[in-house]
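**Student:** What would the 3D arrangement of this be:
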Amino acid sequence: MRGPAAPKDPVEKRPCLYVVLDKTISGTKDPEGVIRDYVFLEGRLIDQVRFTSGDLDEELLQMLPKMETFRKLVHSVGVSIKAEDPEDREKEVEFQFQCYGKTDKYTTGTVMEMTLPCTGEEMVLPVDAYPVNEDDDCFGSFNFIFPEENKNMSLTVKFYVNDGYDVPEIEVDPPVQFDSEAYRKMIAGSLVSTGNNYRLKKVIEKCKRGEDVTIAYIGGSITQGAGGKPINTMCYAYRSYAAFCEMFSPCGGDNVHYVKAGVGGTPSELGMVRYDRDVTKDGEIEPDLVVIEFAVNDEGDETEGVSFESLVMKILQAKQAPAVLLNFAVFMSDWNLQDRLQPIGERYELPMVSVKDAVVPQFETSDVITKRQFFYDIYHPTNDGHRIMADCIAYLFETVDKEEMAAEDISLDKEPVYGIQFKDIVRFDRKDADEYAEISQTGYDAYDTDIQYVERDMDLNASPEFSDNWMNDGSISGAEFKMNLTCKNLVAVIKDSGSSEFGTADIYVDGEVVKSINPLDNGWAHCNPQILIDERESGEHEVIFRMKQGDEGKKFTILGFGVTK
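**Tutor:** As a prediction, the model looks like this:
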C-alpha cells in the first residue's frame, strides 16, 4: 500500500492523565432494553486517576471532580474502544461523559458525548465545545451504549491537559504470568485456614461420587461480578465454581449446580435478610457449600459484625449442614474488614481465603500483577483480578482435597464473637406481608420499578431486587405506612435514590422516632437495610413511616422487611 504524496505533519500530543487504560467493557440490556455499560466516577474520579496514572500532584488531582476546576485543567477527553472480535470493529458505540446536576442529579448536568468506532482509533472531545452550565455539580460516570449485547471491548480514556500543566508519562504493565512460580506463590499466600474440613470434604466426596452438589455465592458487587466482562462467566464466583467442577466432577460438572447472589453496595445486614429468597429460593434449593464475600461491604453494617455472624450461623444451622467458606476481597486502597470478620471464621473453624493477603504484599513491587491490572476501578477487579480471586478459592479446594477429613463436624454451640440474634431472620414484602404483620397505609399504594437490578446466577440480564414493594409516590399529603407485629428484631429495607423527588421519612417505633431516613444520602438507587427493633424478648410493636415536615409531597419507597419472632 502506498502512502500519501504529501503527508501532513503530526499533531503534537498534549500531556495526558490516564483515567482508564485497556479495561474490558461489555454491554447488557437495562430494564428499558438499552444495551449499556458504565464506569462510575462519583466519589471515585481522583482515586481512579491516581491508580491508573501513578503518583501525581495532589493539587492537580483535586481539580478533577468539579466541572469548574476541571475546565481549567483539562483541554480535551480522548476515548478509544477496540472490539475483541475483529468482526465487530466495523460497529460503533455511543459514549457519554456525564456530569451530575445540582437541581436534578441525572438530567440537569452537562453531558459530553460522541460516537466511537470500535477499531481502537482515538476520538477526542474538546471540553470548551460545551458551554458553562451553572447547574453542574460533580462527574458521575462514563456511559456507553452498544449495538449488541456481550461484545467485549477494550477501553482507554485520557484527559489531555491544558498548556501550563505537566503530568508524567505512565509505563505500560507487562502481561501477568499466570504460569509462573511467583504467581503460584502469591496464590498460596491467600490461604488463611482450611479450618475444620469435615463439611467441605463431604461436599467434595459427594461430588466425586457423581451426586448432585450445589455451590452458592452471596456477597456484594464483586460477587455480582462487577468488573468481569462478561459478568456471568468472568466473575470469580463462576470461575471458582468451574474450577470445582473440573477438579471433582466425574461428569463434566453436570452434577454441580450454581447459585450467584451478589448485590452491589450492600452489606451482610441485607445479606441475612435476603438469603432465603436469593440463595435457597425460599427453600427450593439446599446449598452444599456457600461462599460469603462481604469483607469490603460491611463498613455499612450498623451492627459491626453481628449481621455477618448471624448470616454465617443462619447457613451453618440449616438441616443439610452446608459448608461455609469466607472470602475476604480487597479494595484498591488495600482495605478490607478482614480483622473484624476473620475471628468469626476462627470461632466456627471455617475455611477462609484472603485475596488481600495474596495480592497486597506484592503490589509494592508488582512482581506478579499491578494494581492497574488487578482493579477495574478503585473497588472492583478486572477479568485478571477475578481470575486471581477464583484461583485463591481453587487453591483452598485443592488443599482440602489432599487433607485427611476431620474426625467430627464443627460445633455450633459456642459463645458468639459479636452476636447471632438475627440468625433466624425471615424476609417479607408486599407479596406475603399478611403472614407477618397487620398493615394499614395511606398513600403507599404504588409499586416502585426504578429499583436496584442485579445479574443473578448465569443471567446476563439484570432482574430487580425487592420488586414487591410499597411506594409513596408523593401524590397524597399525609401519606403514612403503619404496621403492627410481634417480633424481637425488625430490619427495614429502604430504597436509596439519586432523584430529588425523594424525601426524608421519620420512622416511629411505639411512638418514638428511631430513625430519619433520607434516600438521597447515598445518592443512587439501591437497597439500604436499617435496623428498627433489636430486643432480647419478643413483643408487640407499632411501626409507622411518616414523611418529615417539609417533605410531605416527596416520594419514599419501603422495599421490604426482615423479622425474627
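
**Student:** How about stretch 479-498, which residues are buried there?
**Tutor:** For stretch 479-498, a neighbour-count test (16 or more other CB atoms under 10 Å) marks 479-483, 485, 487-498 as buried. (Each C-beta comes from the backbone N, C-alpha and C, glycine too.)

**Student:** ok, now which ones touch Glu304?
**Tutor:** When contacts are counted by CB atoms under 8 Å, 6 or more residues apart in numbering, Glu304 is found next to Arg340, Tyr418.

**Student:** right, I mislabeled it, should have said Lys431
**Tutor:** Taking CB under 8 Å, 6+ apart as the contact definition, Lys431 lies against Asp468.

**Student:** Please identify which helix or strand holds it.
**Tutor:** No secondary structure element spans Lys431, as it lies outside all helices and strands (assigned by DSSP states H and E).

**Student:** separation between the residue nearest to Asp136 when sequence neighbours are not counted and Asp163?
**Tutor:** Leaving out its chain neighbours, the residue that sits closest to Asp136 by CB to CB, 6 or more residues apart in numbering is Met67, at 3.9 Å. When distances are taken as CB to CB, to the nearest Å, Met67 and Asp163 turn out to be 20 Å apart.

**Student:** how about Val147, what does it touch?
**Tutor:** In this structure residue 147 is Pro, not Val. In this structure, Pro147 makes contact with Ile35, Lys91, Glu92, Val93, judged by CB under 8 Å, 6+ apart.

**Student:** buried subset of the residues you listed?
**Tutor:** Ile35, Lys91, Val93.

**Student:** excluding its backbone neighbours, what's nearest the first one?
**Tutor:** If the residues on either side of it in the chain are set aside, Ile35 comes closest to Gly27, at 4.0 Å by CB to CB, 6+ apart.

**Student:** Hmm, that neighbour is touching Arg36, no?
**Tutor:** Yes. With contacts counted by CB atoms under 8 Å, Gly27 reaches Arg36, the gap being 5.6 Å.

**Student:** which one of these two has more residues nearby?
**Tutor:** Gly27 (24 against 16; other CB atoms under 10 Å).

**Student:** quick one, phi/psi of that one?
**Tutor:** phi -90, psi 140 (degrees, to the nearest 10).

**Student:** what does Glu346 give?
**Tutor:** Backbone geometry at Glu346, expressed as degrees, to the nearest 10, gives phi -70, psi -40.

**Student:** Same check on Lys260?
**Tutor:** Residue torsions, per degrees, to the nearest 10, at Lys260 are phi -120, psi 120.

**Student:** what bridges to it?
**Tutor:** With DSSP bridges applied, the residues forming beta bridges to Lys260 are Tyr217.

**Student:** For it, give me its contacts.
**Tutor:** By CB under 8 Å, 6+ apart, the contact set of Lys260 is Ala216, Tyr217, Thr223, Gln224, Gly225, Cys235, Ala237, Tyr238, Glu455, Arg456, Asp457, Met458.

**Student:** same question, Glu535
**Tutor:** For Glu535, the contacting residues are Lys488, Asn489, by CB under 8 Å, 6+ apart.

**Student:** Can you verify it is assigned to a strand?
**Tutor:** Yes. Under DSSP: H, G, I helix; E, B strand; the rest coil, Glu535 sits within a strand.

**Student:** how close does it get to Leu490?
**Tutor:** For Glu535, the distance to Leu490 under the criterion CB to CB works out to 9 Å.

**Student:** Inside helices: which ones of the contacts of Lys260?
**Tutor:** With helices taken from DSSP state H, the overlap with the contacts of Lys260 comprises Thr223, Gln224, Ala237, Tyr238.

**Student:** Skip ahead from the helix or strand harbouring Phe51 and say which helix or strand is next.
**Tutor:** Phe51 is located in helix 45-53, with elements delineated by DSSP H and E. Past helix 45-53, further along toward the C-terminus, the next helix or strand under DSSP H and E is helix 58-61.

**Student:** Among Met67 and Asp163, which residue is more densely surrounded?
**Tutor:** Shown here are Met67 and Asp163; by other CB under 10 Å, Met67 has more neighbours (21 against 8).

**Student:** quick one: contacts for the residue nearest to the spatial centre of the chain?
**Tutor:** Central residue of the chain (CA atoms, centre = their mean): Ser221, 1.5 Å from the mean position. For Ser221, the set of contacting residues under the criterion of CB under 8 Å, 6+ apart consists of Gly262, Val263, Gly264, Gly265, Asn297, Tyr379, His380.

**Student:** go again using 6 Å as the cut-off
**Tutor:** Contacts for Ser221 were tallied using CB atoms under 6 Å, 6 or more residues apart in numbering; they are Gly264.

**Student:** same check, this time on Asn197
**Tutor:** Under the criterion of CB under 6 Å, 6+ apart, the contact list for Asn197 reads Val400, Glu403, Ala406.

**Student:** Also Ile410?
**Tutor:** Asn196, Tyr348, Glu349.

**Student:** what helix or strand is Gln530 on?
**Tutor:** Secondary structure assignment for Gln530, by DSSP H and E: strand 526-547.

**Student:** Show me what that strand pairs with in its sheet, parallel or antiparallel.
**Tutor:** Using DSSP bridges, the neighbouring strands of strand 526-547 in the sheet come out as strand 480-496 (antiparallel), strand 505-509 (antiparallel).
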